[in-house]
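1. from the sequence below, what's the structure:
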Amino acid sequence: MRFLDKEHAEWDIARNAAAADTVFNIIQQRAGAFLSAGLYHFHRQCLFFDGSEVQSGSMVNTAKIRLWITHKGTDYSHYINIVEGLFSNPVVLADYGSLLSATTSGGGILQNDVVQDQYNEIDLNAAGIGWLNIGGLIKLALRGERDIDNENPGSSFDNAIWYYSWAEAGKEPFLVLDYTPPGGGLMKNPSSELLAARFI
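-> A predicted model of the protein is given here:
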């Protein structure tokens, strides 16, 4: 997992840039956007999960991302959203621009609902489940609602969350799947799987 960071004093330049300033691989991962010391900070998160642990052709019934969140911003009426993983492997600076077009929400969490210093779950909707590459490498991204909607409040704001990466044992991100294996049929009990975020 990585997050792409872009900072600038002008909203449009920061948000619409073709490339990030930095690709961060640190224990405290970030997603969303905020204004601090006159600079707009945009963080677009890239998440990898190993879908090969689930049999190809399985039908996913429900899915959720589980994050140990350590900080939530003060934009309590805004969301952090799952979006399609339109980034490369490995992540490069230009993926920041690629993710600009990832605006469909695959599920989200309202900042007001986030509880700090514990696991929080973000349910994937039908669109999000449709992006899951079961049997292969699963790529999902996170963006803040203000970033997606191009909503500049023109004053101080914090539509961002911070959370632990794969490197923090016991607090790493997971993709939680409830699925029916191929040929299992609807009468069979579904299986559950925890897929830990990959280091890529």
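2. burial count for the residue nearest to Tyr96 when sequence neighbours are not counted?
-> Of all residues not flanking Tyr96 in the chain, Ala20 sits nearest, at 3.6 Å (Cβ to Cβ, 6 or more residues apart in numbering). In short, each C-beta sits where N, CA and C put it, glycine included. By the criterion of other Cβ atoms under 10 Å, Ala20 has 24 neighbours.
3. and Phe157, by the same measure?
-> Using other Cβ under 10 Å: Phe157 sits among 21 other residues.
4. isn't it up against Gly32?
-> No: using Cβ atoms under 8 Å, Phe157 is not in contact with Gly32; the gap is 9.9 Å.
5. need the overlap of contacts for those two.
-> The contact sets of Phe157 and Gly32 overlap at 73, 146 (Cβ atoms under 8 Å, 6 or more residues apart in numbering).
6. can you pull out the strands in the protein?
-> Secondary structure of the chain (DSSP state E): strands at 2-8, 22-24, 28-36, 39-50, 59-72, 79-84, 108-110, 118-123, 137-144, 158-164, 174-180, 191-196.
7. what's the spacing between the residue nearest to Tyr96 and Gly183?
-> Using Cβ to Cβ, to the nearest Å, Ala20 is found at 43 Å from Gly183.
8. any idea how many residues pack against Pro173?
-> The local packing of Pro173 (other Cβ under 10 Å) involves 24 other residues.
9. fine by me, we can end here.
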